[in-house]
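Engineer: sequence first, then the predicted structure, then my questions.
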Amino acid sequence: MADECFRHPRLAAVHDALDPDRGDLLPYLRTAEELGARRVLDIGCGTGVFALLLADRGMDVVGVDPAGASLAVARGKAGGDRVRWIEGDATSLPELRADLATMTANVAQAITGTRAWHGTLRGAHEALRPGGHLVFETRDPARRAWEEWNRERTWRVTDIPGVGAVESWCALTEVRWPLVSFRWTYVFASDGAVLTSDSTLRFRERTRSRPTSTPRGSCWRRCGTPPTARAGSSCSSHDAHRPAGTRGTPRASVAADAAPGRACAVGVPSGPAPEGGSRKPRGHPAAPRAVTPPVGTPAADPGRHAPRR
């Protein structure tokens with residue numbers, strides 16, 4: 001089930017205004033362009049910000065999200081009719097044969113259950129054409145970013161045209177490793193309404209973002225994503241290529257991890273289908289080049305320290 005900030009109509013309507021800086025989407029756009037993607041599946045598309053950016057570049061885009069209120073916002077935007085919107089998740093998609101599937105921002109971490117995570121990967125696998133790619137990101141747990149998710153660091157008042165002032169802040173509610181839970185509170189000055197939205201993210205160690213935790217037959221490559229907690233942070237590149245071994249062992253490499261603590265995994269579905277899924281032939285093309293954002297990529301998290309809504 002989607003978090004309240006996405007499925008409550010009043011919160012979905014102000015979501016973009018409360019989270020306006022989407023510099024985190026730039027590496028995804030570059031990846032789509034470098035891969036020459038013509039059809040893209042945006043899993044967890046929310047209010048359609050990324051899907052519409054892709055459509056503006058002439059790509060055929062399918063956006064899927066379980067939050068009907070967010071999809072209503074997406075459909076109502078300029079160009080919304082150029083995207084195919086589906087209410088649901090990656091486990092119930094039609095055949096798409098997409099070149100690229102994405103899970104931006106907190107989408108991958110918001111899928112906290114092991115069964116749901118594998119189901120999502122399986123659904124993405126089936127939605128991609130042979131040789132297609134899956135790209136997602138996850139925060140580095142070593143940074144312990146949740147220690148800064150408090151009212152003192154995240155409080156702000158945003159004046160939204162047609163809505164008025166909206167006060168918002170985030171507070172950590174529980175850490176039960178590997179799950180971290182937090183609550184966003186919203187106060188609407190126009191009528192004093194107070195709404196809250198609870199979220200939980202699953203933090204995955206580097207080894208758990210590698211092929212061992214994904215459906216069998218997937219090949220993964222990791223690349224850097226932009227600074228999302230500090231503006232001006234630099235990115236470093238690490239060449240740790242591990243060649244394939246025995247049959248069924250995927251290739252994996254680590255490249256250009258972002259200094260602020262987010263990493264992006266790029267997968268090339270190939271080989272036998274995952275358990276429980278149908279067996280479909282998959283090609284195994286060369287992995288895409290790592291996308292390294294420039295130094296000074298704008299911070300993407302609201303309030304610099306806050307998790308995304």
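Structural biologist: Arrived safely, thanks for sending.
Engineer: my read: Pro9 touches Ala69, true?
Structural biologist: Yes - under the criterion of C-beta atoms under 8 Å, Pro9 makes contact with Ala69 at 4.6 Å. C-beta here means a position set from N, CA and C on the backbone, and glycine is covered the same way.
Engineer: which of these two has more neighbours?
Structural biologist: Using other C-beta atoms under 10 Å, the more surrounded residue of Pro9 and Ala69 is Ala69, with 21 against 12.
Engineer: helix or strand: which one has the more buried one?
Structural biologist: In this structure, Ala69 sits in helix 68-75 according to DSSP states H and E.
Engineer: give me the contacts around that helix.
Structural biologist: Helix 68-75 has contacts (C-beta atoms under 8 Å, 6 or more residues apart in numbering) with 2, 6-9, 11-13, 15-16, 45-48, 51-52, 63, 65, 80-81, 83, 85, 87.
Engineer: how about the CA coordinates for stretch 106-125, as CSV?
Structural biologist: Coordinates of each C-alpha in stretch 106-125 appear next as CSV, following Å, rounded to 0.1, in the frame of the first residue of the first chain:
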residue,chain,number,x,y,z
ASN,A,106,12.9,5.9,-2.4
VAL,A,107,10.9,3.5,-4.5
ALA,A,108,13.2,0.5,-4.2
GLN,A,109,13.8,1.0,-0.5
ALA,A,110,10.1,1.4,0.2
ILE,A,111,9.6,-2.2,-0.9
THR,A,112,10.5,-3.6,2.5
GLY,A,113,9.4,-7.3,2.3
THR,A,114,11.6,-9.9,0.7
ARG,A,115,8.7,-11.5,-1.1
ALA,A,116,7.5,-8.2,-2.4
TRP,A,117,11.0,-7.2,-3.5
HIS,A,118,11.6,-10.4,-5.4
GLY,A,119,8.1,-10.0,-6.9
THR,A,120,9.0,-6.5,-8.1
LEU,A,121,12.3,-7.7,-9.7
ARG,A,122,10.4,-10.6,-11.3
GLY,A,123,7.8,-8.2,-12.7
ALA,A,124,10.4,-5.9,-14.0
HIS,A,125,12.2,-8.9,-15.6
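Engineer: buried sites along that stretch?
Structural biologist: Across stretch 106-125, burial judged by 16 or more other C-beta atoms under 10 Å covers 106-112, 117-125.
Engineer: residue boundaries of the strands in the protein?
Structural biologist: 39-43, 60-65, 83-87, 98-103, 128-139, 156-160, 164-176, 179-188, 194-202, 218-224, 262-269 (DSSP state E).
Engineer: the helix holding Ala69 vs strand 83-87, what angle?
Structural biologist: Interaxial angle of helix 68-75 relative to strand 83-87 (axes from the mean of the first three to the mean of the last three C-alpha atoms, to 10 degrees): 170 degrees.
Engineer: what angle separates helix 68-75 from strand 60-65?
Structural biologist: Going by the same axes, to 10 degrees, helix 68-75 makes 150 degrees with strand 60-65.
Engineer: for helix 68-75, buried residues please.
Structural biologist: Buried-residue list, helix 68-75, by 16+ other C-beta under 10 Å: 69-74.
Engineer: and which of those is nearest Ala165?
Structural biologist: Val73 (20.1 Å; C-beta to C-beta).
Engineer: for Asp3, grab phi and psi.
Structural biologist: Backbone torsions of Asp3, given as degrees, to the nearest 10, read phi -70, psi 160.
Engineer: quick one: contacts for it?
Structural biologist: Asp3 sits in contact with 110, 197-199, 309, where contact means C-beta under 8 Å, 6+ apart.
Engineer: what of Ala105?
Structural biologist: Contacts of Ala105 (C-beta under 8 Å, 6+ apart): 24, 44, 137, 300, 308.
Engineer: apply 7 Å and report the result again.
Structural biologist: By C-beta atoms under 7 Å, 6 or more residues apart in numbering, the contact set of Ala105 is 24, 308.
Engineer: now Arg84
Structural biologist: Val62.
Engineer: mind checking how far it is from Leu93?
Structural biologist: With distances taken as C-beta to C-beta, to the nearest Å, Arg84 is found 11 Å from Leu93.
Engineer: same thing with Phe203?
Structural biologist: Applying C-beta to C-beta to Phe203 and Leu93 gives a distance of 27 Å.
Engineer: do Arg309 as well
Structural biologist: In terms of C-beta to C-beta, Arg309 sits 25 Å off from Leu93.
Engineer: who's more crowded, those two?
Structural biologist: Arg309 (24 against 19).
Engineer: surely that one is in contact with His15?
Structural biologist: Yes - taking contacts as C-beta atoms under 7 Å, Arg309 lies within contact range of His15: 6.4 Å.
Engineer: what do those two both touch?
Structural biologist: Joint contacts of Arg309 and His15 (C-beta under 7 Å, 6+ apart) are Cys5.
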